[in-house]
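1. fold the stuff below for me.
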Amino acid sequence: MTDSTRSLLLLLILGLSLIASGCGYSAGYRMPRGVSRISVPVFKNETIPFRKDLEYELTRAVKRELQLMTPAEVTSIEDSNAILRGSVLQFDEGVLVESGSGSIQESGVVIRVGIQLIRSRDERVLLERSVEARASYSLAAGESIEVARREALTDLARRIIAEIEPW
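-> Numbering: from 1, shown residues only. Coordinates of the predicted model:
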């Protein structure tokens with residue numbers, strides 16, 4: 001083996017070992033200290049007028065984001081060391097853009113929730129926040145309120161997980 005081949009091989013091995021060891025960065029969010037197993041009971045639905053099934057859709061979205069974006073395991077209340085409780089407080093729909101003739105060009109939705117992260121062993125509130133998300137849709141473009149609702153719920157679930165991360 002020549003010196004240049006040996007040097008190239010050494011650089012390759014060094015590069016691979018750096019990649020394999022990682023740089024300390026990881027995708028996703030960290031959980032507060034002591035939170036490795038989290039329970040997410042179905043959110044309460046306090047919307048007026050009542051928006052059917054919003055609480056179930058949001059609970060599923062939050063659980064999915066927790067599993068995808070955090071190291072925490074989603075468990076039952078009995079097996080958890082933290083509980084994420086939430087209430088859907090508001091669901092508003094409104095016109096964003098009207099044409100000169102008064103027809104609706106674009107509408108939007110706003111969903112606001114209140115969340116609490118509670119330590120299981122002593123029921124201490126670790127975090128309490130209000131979080132909201134918005135999404136818009138255009139009937140003229142063939143979009144529906146359901147598309148905006150799903151988009152806002154997904155965004156809201158991500159925002160909730162981001163709020164839990166300790167700084």
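2. then stretch 109-128 to PDB, C-alphas only?
-> Provided in PDB are the C-alpha atoms of stretch 109-128 (Å, rounded to 0.1, in the frame of the first residue of the first chain):
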ATOM      1  CA  VAL A 109     -59.700  28.800  11.300                       C
ATOM      2  CA  VAL A 110     -58.100  29.400  14.700                       C
ATOM      3  CA  ILE A 111     -57.900  26.700  17.300                       C
ATOM      4  CA  ARG A 112     -56.700  27.500  20.900                       C
ATOM      5  CA  VAL A 113     -56.100  25.000  23.700                       C
ATOM      6  CA  GLY A 114     -55.000  25.100  27.300                       C
ATOM      7  CA  ILE A 115     -52.400  22.500  28.300                       C
ATOM      8  CA  GLN A 116     -51.000  21.300  31.600                       C
ATOM      9  CA  LEU A 117     -48.000  19.000  32.100                       C
ATOM     10  CA  ILE A 118     -48.500  17.300  35.500                       C
ATOM     11  CA  ARG A 119     -45.900  15.100  37.300                       C
ATOM     12  CA  SER A 120     -47.600  11.800  38.200                       C
ATOM     13  CA  ARG A 121     -46.100  11.100  41.600                       C
ATOM     14  CA  ASP A 122     -47.200  14.300  43.300                       C
ATOM     15  CA  GLU A 123     -49.500  15.900  40.800                       C
ATOM     16  CA  ARG A 124     -47.300  19.000  40.600                       C
ATOM     17  CA  VAL A 125     -48.000  21.200  37.600                       C
ATOM     18  CA  LEU A 126     -44.700  21.400  35.600                       C
ATOM     19  CA  LEU A 127     -46.100  23.500  32.800                       C
ATOM     20  CA  GLU A 128     -49.300  25.400  32.000                       C
END
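3. buried sites along it?
-> Across stretch 109-128, burial judged by 16 or more other C-beta atoms under 10 Å covers 109, 111-115, 117-120, 126. All C-beta spots, glycine's among them, are computed from the backbone N, C-alpha and C.
4. among the residues you listed, which ones are in helices?
-> Judged by DSSP state H, helices contain none of the buried residues of stretch 109-128.
5. closest one to R37 out of those residues, please.
-> Proximity of these to R37 was ranked by C-beta to C-beta; the top entry is S120 with 8.6 Å.
6. I77 versus the closest one, what's the distance?
-> 7 Å (C-beta to C-beta, to the nearest Å).
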